[in-house]
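Visitor: fold the following.
(4 chains)
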Number of protein chains: 2
Amino acid sequence: MNTKSEPETAAAYDPGAFDRPSVTVDVVALTARDDRLHVLLVRRGVWPFEGQWALPGGFVKMDEDLYAAAQRELCEETGVPAATYLEQLYTFGAPGRDPRTRVISVAYYALLPGPGGGPACAEPEAGSDAAEARWWPVDALPPLAFDHGEIVATALSRLRAKLGYTSVAYALLPEEFTLSELQRVYEVILARPLDKRNFRKKMLAADILEPTPRQRRVGAHRPAQLYRFTRREAVLLD
Amino acid sequence: MNTKSEPETAAAYDPGAFDRPSVTVDVVALTARDDRLHVLLVRRGVWPFEGQWALPGGFVKMDEDLYAAAQRELCEETGVPAATYLEQLYTFGAPGRDPRTRVISVAYYALLPGPGGGPACAEPEAGSDAAEARWWPVDALPPLAFDHGEIVATALSRLRAKLGYTSVAYALLPEEFTLSELQRVYEVILARPLDKRNFRKKMLAADILEPTPRQRRVGAHRPAQLYRFTRREAVLLD
DNA sequence: TTAATAGTGTCTCTTAGACACTATTAT
DNA sequence: ATAATAGTGTCTAAGAGACACTATTAA
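Guide: So this is what the prediction gives:
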């Protein structure tokens, strides 16, 4: 490599002079459906962990932004469209976490609206290296390849935390929704029931929602007011 | 690379088949001294950005844990002993952030006690690739190499946030300290004055401090009770 | 005695959480 | 009428923040 204090040009720098770790991105895509929180997994079609379920992910291209790599791998491997929300989670780099070679994985988590939430949450279909792709309920996951169990756990705790002090929930809901639907999303993620009156009071006071001119009428009961988030981005609450 | 569904052995896998980004760690080492928050910077002795100030950091070794790499680079480049607290911050990987080649940097932030805080905060001295190493007040930094300005800003906002809901402050203080010293650390980091009575009330109620049998007597005034953190680790408050 | 810092309580306001009934609709 | 969900208000407890004086020491 460079010797001390000798000016060099970019051309003279030899990036191949060292053994270098590989870099991947892995994506924990989450959605709420059937009153449960789900993660998108792919069944691996190749060694290692062939046949086991894993997070969608893959090698970062040489001139590709990490965020872009995460979006790309998510779409390529699972066929779902771009995530509504995608945020870097943590970088997992323990030597030995991948039997092939040293692989450092920059993990992202993605949020998508549930079914009926528009085109953003189409059903997955396996792409590239994946034999199969589908949503799994987070409370009943199969054994995961690599350290992906740990990555999923990290994503869940981050999502639960962020739900409390930001408006990220927008990314799990369609454009318009009822307050009951919003509450169900919170309950599913936090895995505990919330008081209806306190929930509505807090949400409406947070100044992140606005009523739309529409109502939703389904079933033999009073129709519900539809709301939308005033901003489709994660803003800090309070 | 691997073709679909063909089992292979680790030996048959060729990690050199692709161009791969390089991976570095960069460390934002922070300490409170002279009533200001400081970052540890090194002046670069080599191209690129030769002569400019930068974060200590360097390439991750092939079999080295990321955390270990961060500790190592911090010590090697600046001569300071192991950080009291060291946590992964964020991974910066924009193509073009390093003129040499594609470099993905896993940033860590480190906390060290101020001078007089025992051996853990010795004065820095330049090592390996660095021409010079010294503490800089965060509110008066020189121009930084690469995207290191952004990395420092990220570290500061993370530290400010964590200060509010954990006991990380322990890492910036010596084993024993007065409540006034603790408050000064908070004020320096948050860059605003705090009410003495409210601060003490909250800290003592948080059940993370215990009085020691000692007092500190300096100057012509009442001596102060010395306290220590009951646990030398970052615990959640409330 | 003075100068300098240590140490201490109360009141107010806001927020979080417990808690139960009426309104509207389709059948 | 009934069943099903939408929608609504009050009270209490805890925490956050404003605010000013006494205690102890060295010089």
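
Visitor: run the chain-centre distance for stretch A:94-101.
Guide: Centre-to-centre, stretch A:94-101 and its host chain are 23 Å apart (Cα atoms, centre = their mean, to the nearest Å).

Visitor: ah, wrong one, I meant stretch A:228-238
Guide: 18 Å.

Visitor: gap between the two ends of it?
Guide: 19 Å (Cα to Cα, to the nearest Å).

Visitor: that stretch near chain B at all?
Guide: No - shown here: stretch A:228-238 not in contact with chain B (Cβ under 8 Å from any Cβ of the partner chain), separated by at least 10.8 Å. Where C-beta positions appear, they are placed from N, C-alpha and C, glycine not excepted.

Visitor: any stretches of chain A with poor pLDDT?
Guide: Chain A contains residues with pLDDT under 70 at A:1-18, A:118.

Visitor: for DNA strand C, what are the nearby residues on chain A?
Guide: A:195-198, A:202, A:217, A:219-223, A:238 (Cβ under 7 Å from any atom of the strand).

Visitor: show me the contacts for residue A:119.
Guide: By Cβ atoms under 8 Å, 6 or more residues apart in numbering or on different chains, the residues touching residue A:119 are residue A:81.

Visitor: separation between it and chain B?
Guide: 29 Å (Cβ to the nearest Cβ, to the nearest Å).

Visitor: what separation do you get for that residue and residue A:82?
Guide: 10 Å (Cβ to Cβ, to the nearest Å).

Visitor: could you check which helix or strand contains residue A:106?
Guide: If you go by DSSP states H and E, residue A:106 is part of strand A:103-111.

Visitor: is that strand positioned near chain B?
Guide: Yes - among the residues of strand A:103-111, A:104, A:106 lie within reach of chain B under Cβ under 8 Å from any Cβ.

Visitor: relative orientation of that strand and strand B:103-111 in degrees?
Guide: Compare the direction of strand A:103-111 with that of strand B:103-111 by axes from the mean of the first three to the mean of the last three Cα atoms, to 10 degrees and you get 80 degrees.

Visitor: ok, the helix or strand following strand A:103-111: who's next to it in the sheet?
Guide: Going down the chain from strand A:103-111, the next helix or strand is strand A:130-137, by DSSP H and E. Its sheet considered, strand A:130-137 pairs with strand A:36-44 (antiparallel) by DSSP bridges.

Visitor: now the partner strand - C-alpha only, CSV.
Guide: Backbone C-alpha positions of strand A:36-44 (Å, rounded to 0.1, in the frame of the first residue of the first chain) are rendered in CSV as follows:
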residue,chain,number,x,y,z
ARG,A,36,-49.6,-10.1,12.4
LEU,A,37,-46.3,-8.6,11.6
HIS,A,38,-44.5,-10.4,8.7
VAL,A,39,-40.9,-10.6,7.3
LEU,A,40,-40.1,-11.3,3.8
LEU,A,41,-37.8,-14.3,3.4
VAL,A,42,-36.3,-16.1,0.5
ARG,A,43,-35.5,-19.8,0.3
ARG,A,44,-31.9,-20.1,-0.8
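
Visitor: the next helix or strand after that strand packs against which elements?
Guide: Once the chain leaves strand A:36-44, the next helix or strand it forms, by DSSP H and E, is strand A:53-54. Packing partners of strand A:53-54 (3 or more Cβ pairs under 8 Å, 6 or more residues apart in numbering or on different chains; DSSP states H and E): strand A:36-44.

Visitor: any chance you could list what contacts the strand it packs on?
Guide: Contact partners of strand A:36-44, identified using Cβ under 8 Å, 6+ apart, comprise A:27-32, A:50-56, A:74, A:77-78, A:80, A:124, A:126, A:129-139, A:141-142, A:144-145, A:152, A:155-156, A:188-189, A:191.

Visitor: picking up where we left off before, now, the residues of chain A next to DNA strand C that are in helices?
Guide: A:196-198, A:202 (DSSP state H).

Visitor: a markdown table for these, including neighbour count and distance to residue B:184?
Guide: Shown next, in a markdown table, are these (neighbours: other Cβ atoms under 10 Å in any protein chain shown; distance: Cβ to Cβ, whole Å):
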| residue | neighbour count | distance to residue B:184 |
| --- | --- | --- |
| A:196 | 11 | 46 |
| A:197 | 8 | 44 |
| A:198 | 9 | 39 |
| A:202 | 12 | 36 |
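
Visitor: got JSON lines for the residues you listed, with distance to DNA strand D too?
Guide: Output for these, formatted as JSON lines (distance: Cβ to the nearest atom of the strand, whole Å):
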{"residue": "A:196", "distance to DNA strand D": "5"}
{"residue": "A:197", "distance to DNA strand D": "3"}
{"residue": "A:198", "distance to DNA strand D": "6"}
{"residue": "A:202", "distance to DNA strand D": "10"}
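
Visitor: nearest to residue A:103, of those residues?
Guide: The nearest member of those to residue A:103, counting by Cβ to Cβ, is residue A:202 at 42.5 Å.

Visitor: what's the following helix or strand after the longest helix anywhere in chain A?
Guide: Counting residues, the longest helix found in chain A (DSSP H) is helix A:148-165. Scanning forward in sequence from helix A:148-165 by DSSP H and E, the next helix or strand is strand A:177-178.

Visitor: is DNA strand D contacted by whichever helix or strand comes after that next one?
Guide: The first helix or strand that comes after strand A:177-178 along the chain, using DSSP H and E, is helix A:179-190. Yes - counting by Cβ under 7 Å from any atom of the strand, contacts between helix A:179-190 and DNA strand D involve A:179-180.

Visitor: and the spatially most central residue of chain A, what does it touch?
Guide: Nearest to the geometric centre of chain A sits residue A:110, at 1.8 Å (Cα atoms, centre = their mean). By Cβ under 8 Å, 6+ apart, the residues touching residue A:110 are A:27-30, A:70, A:74, A:83-86.
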